[in-house]
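Enquirer: Coordinates for the following, if possible.
(2 chains)
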Amino acid sequence: MLEIIAIRNNAEEIKQRLAVKNFKEINLIDDVLAVDETRRSIQTKLDENLSKQNVIAKEIGDLFKQGKKEEADKKKSETVSLKEESKQFETGLAKAEEEMKDILVRIPNTPHKSVPDGKTPEENEVVKLVGEIPALYEDALPHWDLAKKYDLFDLELGVKITGAGFPVYRKQGAKLQRALISFFLDNAIEAGYTEIIPPHMVNEASAFATGQLPDKEGQMYVTKEEGFYLIPTAEVPVTNIVRDEILETLPVKFTAYSPCFRREAGSYGKDVRGLNRVHQFDKVEIVQVVHPDKSYAVLEEMVKHVESILQKLELPYRILRLCGGDMSFASALTYDFEVFSAAQKRWLEVSSVSNFETFQSNRMKVRFRDENKKTRLAHTLNGSALALPRIVASLLENHQTADGIKIPAALQRYTGFEKIV
RNA sequence: GGAAAGAUGCCAGAGUGGUUGAAUGGAACAGUCUCGAAAACUGUCUUAGUCGCAAGGCUAACGAGGGUUCGAAUCCCUCUCUUUCCGCCA
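Expert: As a prediction, the model looks like this:
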């Protein structure tokens, strides 16, 4: 949610920047300004009225103390019209506030100046490409076939137990999951993040705070009785740790492993084969809450962190700076990481690292005290480090040999084996 | 699922209709003292909206939402949550 004060001060600039995101409803900016105007004028009138009422109440109190009952009773009548008026103002104010919020939640975050124009993923900017695409042997297999060959995971069995997109991992496949989670967490801890194990369901307030609600309601699973949402990413519970807080020390750095649940209705074909897209997957997330002056330096730091992991896994990867049209609603700048999946011969997204500036913190009221002891909104950032399924897909495909799948050296002490056979 | 108690500032904890935005203690911060530190002493110390160039003014908030009243942290209603006990269970 953009700050109303920022819109008030920079309406034109904000409109221009939203155009980069291909935001169509630019008129919402003027709408929200108009409502804000109304809101403030009502607020002023209401405050004046209440002030008058307070004065009279105090006078009546004094009269009673002096024993002047008749005079006090007489004064009571003076408040009648004030009270009625105040009631109307209060109703009007509540309505204006609600309207304002309704509009604000529909306006996306403004993109950073470095965000390229563009509407489709094809227009994302490739900022870096590292590693070589391995030359696979002749009968190299895509990961879903490798899974069968080595009995690593079973999607059909998941269908029986739950439904499509719920893989069952087995044997070395299961151990590999556990190894990757520990490996990712240890890397994050090494980089100064505090490990968290969060709840895997959140309430409505938390889902709203990080921006999953109201617009992405359909992407989440929800429990029938309580109305709890199964988390689509650990970002939601972890970022909500600092909701409504005034933080004494920055930065706050959290990392968390969690399963992630996504409904993702409406995808078909080769894009969803194997582990390319599933409804439940594992992910290690990193989250930072930082001083506004530092957030872009921190974003680069987080990018470096993700890079270092991919390098240790010996996977070819590229980094994309997302164009305006491909960015998420809440982000000001996003880097996507893709690894090359050698047998499928395509790039798979494995991480997304974003700076949200004050977009989330404004909703969540995450503040800190600045140099002048004034409270200010902090900047929030997060990134996947990393999401497992596509890493596994790429790991299996890229490192396959005629007599087994090699485990990267850095990962071997976690798996306990050097090769999947 | 049954029963009881409770929800006040960063924390503890007073306060049951009229200078209570809120006593007192602790923590924290600044200063005095000290070579330095501790102790002691002094001071500061909620957040948000709104008006104002500013100083500052006004308003709101004592779990949430309603109600009674000239006036509510204090009275009434509803809801939420917490704690304890019983039951069930990992």
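
Enquirer: pretty sure A:Leu275 is touching A:Ser394, no?
Expert: No. With contacts counted by Cβ atoms under 8 Å, A:Leu275 stays clear of A:Ser394, the gap being 9.6 Å. Quick note: C-beta positions are derived from backbone N, CA and C, even for glycine.

Enquirer: Can you name the residues bridging to the residue in the stretch 201-350 of chain A that RNA strand B sits nearest to?
Expert: Distances between the stretch 201-350 of chain A and RNA strand B by Cβ to the nearest atom of the strand are smallest at A:Ile246, namely 6.0 Å. Taking DSSP bridges as the rule, A:Ile246 bridges to A:Arg367.

Enquirer: show me where the stretch 101-250 of chain A has strands.
Expert: For the stretch 101-250 of chain A, applying DSSP state E, counting those that start in this stretch gives strands covering A:125-130, A:153-154, A:168-169, A:194-196, A:201-202, A:229-230, A:246-247.

Enquirer: circling back to that earlier point, intersection of neighbour lists for A:Leu275 and A:Ser394?
Expert: Common contacts of A:Leu275 and A:Ser394 (Cβ atoms under 8 Å, 6 or more residues apart in numbering): A:His143.

Enquirer: residues from the stretch 51-200 of chain A in reach of RNA strand B?
Expert: Residues of the stretch 51-200 of chain A lying close to RNA strand B by Cβ under 7 Å from any atom of the strand are A:51, A:53-58, A:60-61, A:64, A:72, A:76, A:79, A:83.

Enquirer: Secondary structure for the residues you listed - can I get that in CSV?
Expert: Putting these into CSV (DSSP: H, G, I helix; E, B strand; the rest coil) gives the following:
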residue, secondary structure
A:Ser51, helix
A:Gln53, helix
A:Asn54, helix
A:Val55, helix
A:Ile56, helix
A:Ala57, helix
A:Lys58, helix
A:Ile60, helix
A:Gly61, helix
A:Phe64, helix
A:Ala72, helix
A:Lys76, helix
A:Thr79, helix
A:Lys83, helix
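
Enquirer: Bridged to the residue found closest to A:Leu388 once you drop the neighbours it is linked to in the chain, which residues?
Expert: Of all residues not flanking A:Leu388 in the chain, A:Asp282 sits nearest, at 4.4 Å (Cβ to Cβ, 6 or more residues apart in numbering). Per DSSP bridges, residues listed as beta-bridge partners of A:Asp282: A:Pro259.

Enquirer: same check, this time on A:Ser354
Expert: A:Thr334, A:Asn382.

Enquirer: okay, now the residue of the stretch 201-350 of chain A closest to RNA strand B: neighbour count?
Expert: 13 (other Cβ atoms under 10 Å).

Enquirer: pretty sure it is in contact with A:Thr375, am I right?
Expert: Yes. A:Ile246 lies in contact with A:Thr375 (Cβ under 8 Å); the separation is 5.9 Å.

Enquirer: intersection of neighbour lists for those two?
Expert: A:367-369.

Enquirer: quick one: the residue of the stretch 301-421 of chain A found nearest RNA strand B and A:Asp244, what's the gap?
Expert: Relative to RNA strand B, the nearest point of the stretch 301-421 of chain A is A:Thr375 (3.8 Å; Cβ to the nearest atom of the strand). Remark: distance between A:Thr375 and A:Asp244 (Cβ to Cβ, to the nearest Å) = 12 Å.

Enquirer: A:Phe340 is in what secondary structure piece?
Expert: strand A:333-341 (DSSP states H and E).

Enquirer: Output that strand as CSV, restricted to C-alpha atoms.
Expert: The C-alpha trace of strand A:333-341 is given here as CSV (Å, rounded to 0.1, in the frame of the first residue of the first chain):
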residue,chain,number,x,y,z
LEU,A,333,12.4,-4.0,-7.9
THR,A,334,12.6,-7.8,-8.4
TYR,A,335,15.4,-10.0,-9.5
ASP,A,336,14.5,-13.5,-10.7
PHE,A,337,16.9,-16.3,-10.7
GLU,A,338,16.6,-19.1,-13.2
VAL,A,339,18.6,-22.3,-13.5
PHE,A,340,19.0,-24.1,-16.7
SER,A,341,17.4,-27.5,-16.9
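
Enquirer: packing partners for that strand?
Expert: helix A:295-312, strand A:317-321, strand A:346-355, helix A:388-398 (3 or more Cβ pairs under 8 Å, 6 or more residues apart in numbering; DSSP states H and E).

Enquirer: tilt between the first one and strand A:125-130?
Expert: Between helix A:295-312 and strand A:125-130, the angle comes out at 40 degrees (axes from the mean of the first three to the mean of the last three Cα atoms, to 10 degrees).

Enquirer: who touches helix A:295-312?
Expert: A:112, A:130-131, A:183-184, A:187-188, A:191, A:251, A:286, A:288, A:290, A:317, A:319, A:333, A:335, A:337, A:339, A:350-351, A:353-355, A:357, A:379, A:381, A:383-386, A:408, A:410-411.

Enquirer: Quick check: PyMOL command selecting the buried ones in those residues.
Expert: A single PyMOL command selects the buried members of the contacts of helix A:295-312 (16 or more other Cβ atoms under 10 Å):
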select buried, chain A and resi 112+131+183+184+187+188+191+251+286+288+290+317+319+333+335+337+339+350+351+353+354+355+357+379+381+383+384+385+386+408+411
